[in-house]
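# got a predicted structure plus its sequence, pasted below:
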Amino acid sequence: MTVTCSTNQPVVSLDAVSKRYGSETVVSAVDFKIQSGECVVLVGHNGAGKTTLMKLMLGLTRPTSGKVNVFGSNPALASAVAQHKTLGYLPESVAFYDAMTGREVIAFYARLKGVSNSDCEHLLESVGLAEAARRRVGTYSKGMRQRLGLAQAMLGNPQLLFLDEPTTGLDPGLRHQFYELIDALHKQGVTSLISSHALSEVEARANRFIIMKAGVMIASGTLDELYLQAALPVRLKVSVTPGQAYSIAGRLGGGLNIDQINNEKLQLSCFNADKMMLIRRISDLGDVIRDLQIIPPGLDEVYSHFMNGERS
Amino acid sequence: MKMLWILAMKELRDGFRNRWVAAAIIVLGILALTLSVLGSAPTGSVRVSELDISVVSLASLSVYLIPLIALMLSFDAMVGEFERGTMMLLLTYPVTRWQIIMGKFLGHVLILSIAIVVGYGGAVVVLTLVTDSSTEGWPAYAMMMASSLVLGAVFIALGYLVSVLVRERATAIGAAIGLWLVFVVLYDLLLFGALTMDKDQLIGQQLFSMLMLVSPTDTYRVLNLSSFQGVSEAAGIAGVASEAGLSGALLISVMMLWVIAPLMATLLVFQRREL
C-alpha cells in the first residue's frame, strides 16, 4: 500500500491533544500540523513530553483527550498498522534483541517490512556497521546501537520518520554523517519529526521548531518567527576613538540601553524595531566611530528565553 | 500469515540459539529412554506391551515436566520485551498485537514440538530397534506425544497471560512457578485429600469427572491413561474414564479450551496496554 499525500493535507495533525498518566499531565492541549516534506524539530528539556508526543503519533499510546491523525487516520487503531510500512522510528535509547547479531536484527525488521536482503546490507554499510554486522548486538557500544537504530528506521524508504534524540551517543563525525543522511532523505521529500534538547545542533536542517516545556507547547514556527516571538534585544558593539566613549554615550541621548562602557568601547542593546534608527544615529556621529558590530541574539538565547520565560 | 511465520521463526531461532531446544530434547529424550528401558523389564508374562508401560510412566512424568518447560519458554515472552524496550519498536512495524502473540505462540509451540518429537520420538525408535517390540503400542504412544504438545501449549498460553499481566520479569518467574505448583501439585493434592476424607462419598462420579476437567494436567492424565485398552490395563485403571463419562473428544476439547482462553485473555490485556 502506498500512501499519497496531497500538499494541503497534513501528514500529521494533533488537535488539542492531552495525555495524563494518573494525576500527572505529560502532554497538555498540544496543537500542531506537519505538512508533507517538512522537517520539524521538537525541542525541550527531558520530561517536556517529546517522547510521549512521538508515542501518541505512533499509536503506542492513546491520548486522554484530543485527536491525533497520521496519514489521515487514528494511529492507535489496529487498522493503522498497514501504514507502519511507510514509517520509520528511532526510539530514545533504542533496545534490541541482544543475542542476535546486527545483521540478524536488521534482517528480522526488514522481513516485517517486506524489504529485501540486499537493502539491509546497503543500510548496514551506510551507517558504518558492515564490519560489526556479524557480532552480537549485546557487544555493541552505545553509538553502534544508535547507528543500528538508524538503519532500522530507514528500512523500506519510509515517508515519515520519527527520530527521538537521534544523535545521542554519536561522535561528531557520525553526527555530521547522520545529518547528511537526513538532508538526503529530506531532498527526496521525506517528512521527518526529530526531537532534540539542543536547538543549535538542528538549526540548519529544520523547517520548523516546536518548543515544548512541561507538556505544553510554548512556541512554534520557523527560526525567524521564533526570533520575532522572543523579541530579544539586538546588541551593538561600538568601537570609538579612545577616550570618547562617555561623551558619545551622552551625544546619543537618553533612553539608551548601555550594557558595558569603557574608554574606547560601548556595548548597547536595543529591540529589533529600534535597531536601524540607532545605527543611523551612530553613523551620523562621523569619524569618532571606528567600528560597529551588530550581534543578533543566538539560538541558545532564544531557546533559553522560551524555556525560562512564561508562555509568550 | 506471513507475519506470524516471520515472528515464529524468530522465536524458533532464539530457541536454537540459547540452547533451549537442545536442552529440552536431551531432557525429554533421556527421560523417555530411561523410563522405557526400565519399564520394559517387569512386564513378564502379562499381556501388556512395553510401549504401553512407557506411555503410563511417561505420561505421569510429562505432567510435571512439560508444563515446566512450557512455562520456562513463555514467562518472559511479553514482560521481557516490555522491560527491554523491544516491544515498543516492534509495535511500530506493520504487525498487529494479535500477530505478535500468535507468532510467538506458533514459535514456542514449534520449539516444544521439536523437543517432543525428537526426544520422545527418538526414544521410541531406539527402544524398538533394541528390543524389537511390536508396533501395537504405537497409536497410544503417538497420542501421548500429541497430547503432551497440547499440554505444553496450555502452559505456554498460561505463561503468556502471566507475562502480560506482571510489570517485572522477576514477578513473572514467581507467578509461573506458582502456576506450576497449583496445577501440577496442589490441585491434585487437595483433590486426593478431599477424596480420602470423603468417607460419606459426597464426591460422586459426576462431580469427580468435573473436577478432573478443571485442571488441564488431570485432563491430560485421564486422556492418556484411559484412551487405549492396553494403557489403562497397564495403569490399572481400566474403564475408569468411560465410567466417568469422559470421552476422548471431550477431554481434548477441554484442553483446547485451556489453550484458547488464556491466549484470548493475553490479547485483551495486551490490546489495552499502553507503552
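Great, that's in hand.
# going forward, measure contacts and count neighbours with C-alpha atoms only.
Noted.
# so what's the residue count around A:Ser79?
11 (other C-alpha atoms under 10 Å in any protein chain shown).
# go on, A:Val30?
A:Val30: 19 surrounding residues under other C-alpha under 10 Å.
# now do the buried residues in the helix or strand containing it.
In the assignment (DSSP states H and E), A:Val30 maps to strand A:24-34. By 16 or more other C-alpha atoms under 10 Å in any protein chain shown, the buried positions in strand A:24-34 come out as A:Val26, A:Val27, A:Ser28, A:Val30, A:Asp31, A:Ile34.
# for stretch A:92-112, same thing?
By 16+ other C-alpha under 10 Å, the buried positions in stretch A:92-112 come out as A:92, A:94-97, A:99-112.
# contact partners of that stretch?
Under the contact criterion C-alpha atoms under 8 Å, 6 or more residues apart in numbering or on different chains, stretch A:92-112 has outside partners A:51, A:116-117, A:120-121, A:124, A:129, A:132-139, A:145-146, A:148-149, A:151-152, A:155-156, A:163-166, B:3, B:6, B:10, B:14, B:17, B:84-86, B:93-95.
# what of stretch B:51-68?
So stretch B:51-68 is contacted by B:31-32, B:35-36, B:39-40, B:137-138, B:140-141, B:144, B:148, B:151-152, B:155-156, B:180, B:184, B:217, B:220-221, B:224-225, B:230-231, B:234-235 (C-alpha under 8 Å, 6+ apart).
# hmm, back to that, between the buried residues of strand A:24-34, which is nearest B:Leu71?
A:Val26 (37.0 Å; C-alpha to C-alpha).
# so what's the residue count around the closest residue to that closest one other than its chain neighbours?
Residue nearest to A:Val26 in three dimensions, not counting chain neighbours: A:Gly215, with 5.1 Å by C-alpha to C-alpha, 6 or more residues apart in numbering or on different chains. Counted with other C-alpha under 10 Å, the neighbours of A:Gly215 add up to 23.
# list the contacts of A:Gly215.
With C-alpha under 8 Å, 6+ apart, A:Gly215 has these contacts: A:Thr25, A:Val26, A:Val27, A:Ser28, A:Gly47, A:Ala48, A:Gly49, A:Lys50.
# which of these has the weakest pLDDT?
Lowest pLDDT of those: A:Gly47, 83.
# how about the secondary structure of that residue?
coil (DSSP: H, G, I helix; E, B strand; the rest coil).
# helices or strands up against the host helix or strand of A:Arg20?
A:Arg20 belongs to strand A:12-21 when assigned by DSSP H and E. The contact analysis (3 or more C-alpha pairs under 8 Å, 6 or more residues apart in numbering or on different chains; DSSP states H and E) places strand A:12-21 against strand A:24-34, strand A:65-70.
# would you put the C-alpha positions of it in PDB?
Extracted in PDB, the C-alpha atoms of strand A:12-21 (Å, rounded to 0.1, in the frame of the first residue of the first chain):
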ATOM      1  CA  VAL A  12       0.500  14.600  10.900                       C
ATOM      2  CA  SER A  13      -2.000  16.700  12.800                       C
ATOM      3  CA  LEU A  14      -2.600  17.000  16.500                       C
ATOM      4  CA  ASP A  15      -5.800  18.600  17.800                       C
ATOM      5  CA  ALA A  16      -5.900  19.700  21.400                       C
ATOM      6  CA  VAL A  17      -4.000  16.500  22.400                       C
ATOM      7  CA  SER A  18      -3.600  15.800  26.100                       C
ATOM      8  CA  LYS A  19      -2.100  12.800  27.800                       C
ATOM      9  CA  ARG A  20      -2.300  12.100  31.500                       C
ATOM     10  CA  TYR A  21      -0.800   9.200  33.400                       C
END
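# mind listing what's buried along that strand?
Buried, per 16+ other C-alpha under 10 Å, within strand A:12-21: A:Val12, A:Ser13, A:Leu14, A:Ala16, A:Val17, A:Ser18, A:Lys19.
# what's the most distant pair in these?
Longest span within the buried residues of strand A:12-21, C-alpha to C-alpha: A:Val12 and A:Lys19, 17.2 Å.
# what bridges to A:Val40?
A:Leu193, A:Arg208 (DSSP bridges).
# need the pLDDT of it.
The model's pLDDT for A:Val40 equals 92.
# returning to what we had before: ok, residues contacting the strand holding A:Arg20?
A:25-35, A:57, A:62-72.
# and if we set it to 10 Å?
With C-alpha atoms under 10 Å, 6 or more residues apart in numbering or on different chains as the test, strand A:12-21 has contacts from A:25-36, A:49, A:52-53, A:56-57, A:61-73, A:160, A:191, A:193, A:215-216.
# now that strand, how far from the centre of its chain.
Put simply, strand A:12-21 sits 19 Å off its chain's centre (C-alpha atoms, centre = their mean, to the nearest Å).
# let's have the contacts of A:Gly215 in TSV, adding distance to A:Leu199.
TSV is the format used below for the contacts of A:Gly215 (distance: C-alpha to C-alpha, whole Å):
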residue	distance to A:Leu199
A:Thr25	25
A:Val26	21
A:Val27	20
A:Ser28	22
A:Gly47	16
A:Ala48	14
A:Gly49	16
A:Lys50	14
